[in-house]
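Asker: return a 3D structure for these sequence lines:
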Amino acid sequence: MNAQIFSTGCGVGFLLVTTLAQAVGISTFNTSFSANQSLFSGGPSVGFNESDSTGGSVGISYSAVANTGTVNASFNGQVQATYANQLSTPNTPTTVNLQFKGSSSSVSSQLGANANISGFVNLGCVIPTPFGCAASVNETFSLLDEGLLLNPVTNFNANIGASSSASDADSAIGFGPNLDLIIGDLGAVVNLDIDQAINFNPQGIDGILSYRNRNTGDLFATPFLMGVADMIDVTTVDLGPGIWDFSILDMDLNNLFRNDVNLELRPTINYVLGEWPAPGSSPISLGLIDESFGLDFNTLAARDLFSIKVVPIPAAVWLFGSGLIGLIGVARRKKA
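Answerer: Numbers count the residues shown, from 1 in each chain. Here you go, the predicted structure:
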């Protein structure tokens, strides 16, 4: 009999604890960040404009220009909020767990550029005579004037802290005219290679967890930042009795984007008296642009998420609990 009373008391006590326990709620909403902007951090008027000459009596002059280019990016997924939907102890904080779960996303860029290359052979007098110069060579000629297009694309599953990269390349070849230099023919050719590499690193999602007491109008806000762990526990202020409505405000994607463009030239000029540059010479390499900046993603609008009810445990429940404990004590004394 005593064992039965004790067992019944334990069962009722367990039921009481279970009833008063915090039930777990889950709220999920979609996130869709997007950016469409200039490929250059300073805007479309910046780009690059590189020009130079190799110098000397034989060589090339070159220029590479680009001030048009765009980058398009999407970073998609869901944010899941896990919380206790009812609290039995007023004027204490609670914790809301926020977790980001990524889905199919992409980053791509489009770059249009133009390369202009010309050659020159300025040998001066090549056939001197006692009376002056019978023949001189001073020639400038076009080698290449070409439009170039680069379009690197990367597709990935969104994950905070995980970088994604892509690259693209274009090439062109230009020939100079066959010029009669009196002392022989001139021939020239140039090979051009241009490549672009992009890298995108999503570094975190920040926002504000806002919560308002529906009964009293009390309003609070707690900022948060989800980093490489893709989740964060947000602790509220002390919540008084009543129903608290939770929302997320002003979610932004912190990120870093890198754009790196390089050009390589391999010219050859045969001018009878020699060849420029010397066989085995290294190509002419140009770093056109290498810059990093944050893409301007949209800020997600406010979203109503869930409500938490703060209800103090009634005094009758505590009295019932005290009586239950007393009943168990009596049963133990009778057994003794």
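Asker: need the strands for the stretch 101-250 of the chain, in chain order.
Answerer: For the stretch 101-250 of the chain, the strands defined by DSSP state E, counting those that start in this stretch occupy 104-129, 132-150, 153-157, 164-175, 179-180, 185-213, 219-226, 231-235, 242-270.
Asker: using JSON lines, lay out these together with mean neighbour count, mean pLDDT and distance to Val58.
Answerer: Every C-beta, even on glycine, is put in place using the N, C-alpha and C of the backbone. Converted to JSON lines, the strands of the stretch 101-250 of the chain look like this (neighbours: other Cβ atoms under 10 Å; pLDDT from 0 to 100; distance: least, Cβ to Cβ, whole Å):
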{"stretch": "strand 104-129", "mean neighbour count": "18", "mean pLDDT": "93", "distance to Val58": "5"}
{"stretch": "strand 132-150", "mean neighbour count": "15", "mean pLDDT": "91", "distance to Val58": "10"}
{"stretch": "strand 153-157", "mean neighbour count": "15", "mean pLDDT": "98", "distance to Val58": "41"}
{"stretch": "strand 164-175", "mean neighbour count": "16", "mean pLDDT": "97", "distance to Val58": "17"}
{"stretch": "strand 179-180", "mean neighbour count": "12", "mean pLDDT": "74", "distance to Val58": "13"}
{"stretch": "strand 185-213", "mean neighbour count": "20", "mean pLDDT": "95", "distance to Val58": "10"}
{"stretch": "strand 219-226", "mean neighbour count": "14", "mean pLDDT": "96", "distance to Val58": "59"}
{"stretch": "strand 231-235", "mean neighbour count": "15", "mean pLDDT": "95", "distance to Val58": "64"}
{"stretch": "strand 242-270", "mean neighbour count": "19", "mean pLDDT": "96", "distance to Val58": "6"}
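Asker: so what sits opposite Ser307 in the bridge?
Answerer: Asp245 (DSSP bridges).
Asker: give the contact list for it.
Answerer: Going by Cβ atoms under 8 Å, 6 or more residues apart in numbering, Ser307 touches 85, 214, 243-246.
Asker: and of those residues, the nearest to Phe131?
Answerer: If you rank the contacts of Ser307 by distance to Phe131 using Cβ to Cβ, Phe246 comes first, at 98.9 Å.
Asker: pretty sure that closest one is touching Asn213, no?
Answerer: No: Phe246 is beyond contact range of Asn213, at 11.0 Å (criterion: Cβ atoms under 8 Å).
Asker: next, count neighbours for Leu98.
Answerer: Burial measure for Leu98: 21 neighbouring residues, criterion other Cβ atoms under 10 Å.
Asker: can you list the strands that the host helix or strand of it pairs with?
Answerer: If you go by DSSP states H and E, Leu98 is part of strand 95-102. Its sheet considered, strand 95-102 pairs with strand 58-84 (antiparallel), strand 231-235 (antiparallel) by DSSP bridges.
Asker: avg pLDDT for the first one?
Answerer: On average, the pLDDT along strand 58-84 is 94.
Asker: that strand to strand 242-270, inter-axis angle?
Answerer: Inter-element angle recorded for strand 58-84 and strand 242-270: 170 degrees (by axes from the mean of the first three to the mean of the last three Cα atoms, to 10 degrees).
Asker: ok, the last one next?
Answerer: For strand 231-235 and strand 242-270, the angle between their directions (the same axes, to 10 degrees) works out to 150 degrees.
Asker: and strand 231-235, how far from the chain's centre?
Answerer: For strand 231-235, the distance from its own C-alpha centre to the chain's C-alpha centre is 22 Å (Cα atoms, centre = their mean, to the nearest Å).
Asker: which residue packs closest to Asn30, ignoring adjacent ones?
Answerer: Sequence neighbours aside, Gln78 is the residue nearest to Asn30 in space, at 5.6 Å (criterion: Cβ to Cβ, 6 or more residues apart in numbering).
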